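Trainee: from the sequence below, what's the structure:
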Amino acid sequence: MAEPLRPPSAPWASAPPPRRARTGGWDLLLVSLAVYVATAVGRVHQLFPVLLPLKPALLSALLAIGLLLLQQSGQRRLGLLRSPTTTCLLGLLLWSALSVPVALNQGLAFQAWTDFARTVVMCLVLAGGLRDERDVERVMLVYFGATVVYTAVVLSRFQLGADSWRLGRLYNYDANDMATLIASTMPIGLYFVLTRRHLVLRVFAGVGLALLAVGQIRSGSRGGFIALLAVVAFVLLSFTTVPVRARVAGLVVILAVAGTTASDRYWTQMQTIVHPDQDYNSTSEAGRLQIWKRGLGYMAERPVFGVGMHNFAVAEGTISPLSRLQERGVGVLWGAAHNSFIQVGTELGVPGLLLFLGVIASAFRSLRRVARHPPGVSAAARDRARLAQSLMAALVGFVVGAFFLSLAFADMLYTLAALGIAVGKITRSRGAIASPMAAGGWALGRTP
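Mentor: Numbering: from 1, shown residues only. Prediction:
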């Protein structure tokens, strides 16, 4: 008996889905990027002065730029970096350059712009140099490890005395800056605790998280405390790629460590968050509320280009309503904005503020698209979603902490933005390879 005729099908209709190409492990470019992140964010060369003569930040940056330009193939092509975040970054860089000629102090503004140009270039080099999810994980681990080392060194070298219940000026950062860095790092540590199979890595991440919790308490930062609460809320409510029990267990351990190491003086200070009338930030001309009001005034007076990068303090001492007191011999504090958004709006005008908001919002939106994976997708897609949610939580920690600090041009933000660009780039590339084939195979399979 003859076999029944079967409809012809294209040879690729029943072919298995393409395998994800393995890009290998560490190479020289990735090592250079890791060294750069460790120095730019973790400040390891300041922690260990023996490294200073080697200039690791400068050498790693130059080496990474050169290697990326020589490796323009595959996932490292610069053309893959096209994204709304990249557009906003380049727009912010351009607008800050245009503000230099009209700055209150042009020399200070130009020096700040050159530093920011280096930051933006390295942000794009970092995003361009990451080939796949494993590379993103490696850099996240460096970000986490460098922050843990920074915190450990600070806790070992800066002891709290009888007259001091919190840390003060540290290496490059002050205690408030460190608290925000820790808040942005904890979700990354939680990612490695809850999602990696390697026991050694999970133990390291767990110990690191406990150390970061102690550092958060010793910082005595109210802004850092609020940032930590925001991260906790985001992880509990939006970290859908990890079971609820695992999320709760991890956060309970972190909060338990923080609670057992906090002093009565710490909790007394935190209570001023809900009782602002008892705090100098609400009552003093040098407090944050009055500084923010003056910053909004500078923004209204110079709405297009602002007062110039890093010129907020200059504005406080020259065009502030308080500056006239200097004519009568009364000293005036040339202080910082203590709010990253007011800092940008004052220094770069309303267009600069919109571009800065665009960097953060577009990075968050890009990660959210990756995180919103439909049910039944591949394990690789679920891993990317978990990665994206961890970076979203890190951005939440930074943004909330930066609301109380002048960190608009800090490397930690642009490192997180680079990781967001890289995740989006990798996801788009995977979709461009797999989607047409999958769609074509499904349609041909349905053809009678």
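Trainee: distance of Ala233 from Val50?
Mentor: Counting by C-beta to C-beta, to the nearest Å, the gap from Ala233 to Val50 is 42 Å. In short, each C-beta sits where N, CA and C put it, glycine included.
Trainee: these two: which has the busier surroundings?
Mentor: Neighbours of Ala233 and Val50, each counted by other C-beta atoms under 10 Å, are more numerous for Ala233; the result is 13 against 7.
Trainee: so, low pLDDT: which residues of the stretch 51-200 of the chain?
Mentor: Applying pLDDT under 70 to the stretch 51-200 of the chain picks out residues 159-169, 196-197.
Trainee: angles on the backbone of Leu104, please.
Mentor: As for Leu104, its main-chain torsions (degrees, to the nearest 10) stand at phi -60, psi -40.
Trainee: from Leu68, how far off is it?
Mentor: Taking C-beta to C-beta as the criterion, Leu104 is separated from Leu68 by 37 Å.
Trainee: try Trp113
Mentor: For Trp113, the distance to Leu68 equals 23 Å [C-beta to C-beta].
Trainee: quick check: closest non-adjacent residue to Met122.
Mentor: Leaving aside its sequence neighbours, Met122 sits nearest to Ala61 (C-beta to C-beta, 6 or more residues apart in numbering; 5.7 Å).
Trainee: helix, strand, or coil at that neighbour?
Mentor: Three-state secondary structure (criterion: DSSP: H, G, I helix; E, B strand; the rest coil) places Ala61 in helix.
Trainee: you'd agree it is up against Val35?
Mentor: No: Ala61 is not in contact with Val35 according to C-beta atoms under 8 Å; the separation is 9.0 Å.
Trainee: could you pull out the strands for the stretch 301-448 of the chain?
Mentor: Assigned strands in the stretch 301-448 of the chain: none (criterion: DSSP state E, counting those that start in this stretch).
Trainee: mind listing what the nearest residue to Ala422 once chain neighbours are set aside touches?
Mentor: Nearest in space to Ala422, with sequence neighbours left out and distances taken as C-beta to C-beta, 6+ apart, is Leu130 at 4.1 Å. Listed by C-beta atoms under 8 Å, 6 or more residues apart in numbering, the contact partners of Leu130 are Leu30, Leu33, Gln75, Val136, Val139, Leu419, Ala422, Lys425, Ile426.
Trainee: which of these sits closest to Lys293?
Mentor: Taking C-beta to C-beta as the measure, Lys293 sits nearest to Leu419 out of the contacts of Leu130, at 35.2 Å.
Trainee: what about that closest one, how many residues nearby?
Mentor: Close neighbours of Leu419, defined as other C-beta under 10 Å, add up to 30.
Trainee: from Val400, how far out is it?
Mentor: Using C-beta to C-beta, we find Leu419 at a distance of 18 Å from Val400.
Trainee: Gln271 now?
Mentor: 19 Å.
Trainee: repeat that for Gly145.
Mentor: According to C-beta to C-beta, Gly145 and Val400 sit 23 Å apart.
Trainee: ok, now Ala408?
Mentor: Using C-beta to C-beta, we find Ala408 at a distance of 14 Å from Val400.
Trainee: what of Ser406?
Mentor: On the measure of C-beta to C-beta, Ser406 and Val400 end up 15 Å apart.
Trainee: please apply the same query to Leu201.
Mentor: Relative to Val400, Leu201 is positioned 28 Å away (C-beta to C-beta).
Trainee: the two: which has the busier surroundings?
Mentor: Each of Leu201 and Val400 has its neighbours counted (other C-beta under 10 Å); Val400 has more, 22 against 13.
Trainee: contacting residues for that one?
Mentor: Contacts of Val400 were listed using C-beta under 8 Å, 6+ apart, and they are Ala183, Gly223, Ile226, Ala227, Ala230, Val231.
Trainee: quick one, what contacts the fourth one?
Mentor: Contacts for Ala227 (C-beta under 8 Å, 6+ apart) come out as Ala179, Thr180, Ala183, Ser184, Val396, Gly397, Phe398, Val400, Gly401.
Trainee: mind listing which of the residues you listed are in helices?
Mentor: The helices in this structure, assigned by DSSP state H, contain Ala179, Thr180, Ala183, Ser184, Val396, Gly397, Phe398, Val400, Gly401 from these.
Trainee: report the contact partners of the third one.
Mentor: Under the criterion of C-beta under 8 Å, 6+ apart, the neighbours of Ala183 are Gln216, Gly224, Ala227, Leu228, Ala230, Val231, Gly397, Phe398, Val400, Gly401.
Trainee: want to throw the residues you listed into a markdown table with distance to Ala380?
Mentor: Output for the contacts of Ala183, formatted as a markdown table (distance: C-beta to C-beta, whole Å):
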| residue | distance to Ala380 |
| --- | --- |
| Gln216 | 34 |
| Gly224 | 35 |
| Ala227 | 31 |
| Leu228 | 31 |
| Ala230 | 30 |
| Val231 | 26 |
| Gly397 | 26 |
| Phe398 | 27 |
| Val400 | 31 |
| Gly401 | 32 |
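Trainee: just give me the closest of those residues to Ala262.
Mentor: Gln216 (9.4 Å).
Trainee: so what's the gap between stretch 123-130 and the chain middle?
Mentor: Here the centre of stretch 123-130 is set off from its chain's centre by 14 Å, with C-alpha atoms, centre = their mean, to the nearest Å.
Trainee: please begin residue numbering at 40 from this point
Mentor: Okay, residue one is now 40; in that scheme the one you just asked about reads as stretch 162-169.
Trainee: buried sites along that stretch?
Mentor: Along stretch 162-169, the positions that meet the burial threshold by neighbour count (16 or more other C-beta atoms under 10 Å) are Cys162, Leu163, Val164, Leu165, Ala166, Gly167, Gly168, Leu169.
Trainee: kindly report the same for stretch 261-276.
Mentor: For stretch 261-276, using 16+ other C-beta under 10 Å, the buried residues are Arg261, Gly262, Gly263, Phe264, Ile265, Ala266, Leu267, Ala269, Val270, Val271, Phe273, Val274.
Trainee: lovely, talk soon.
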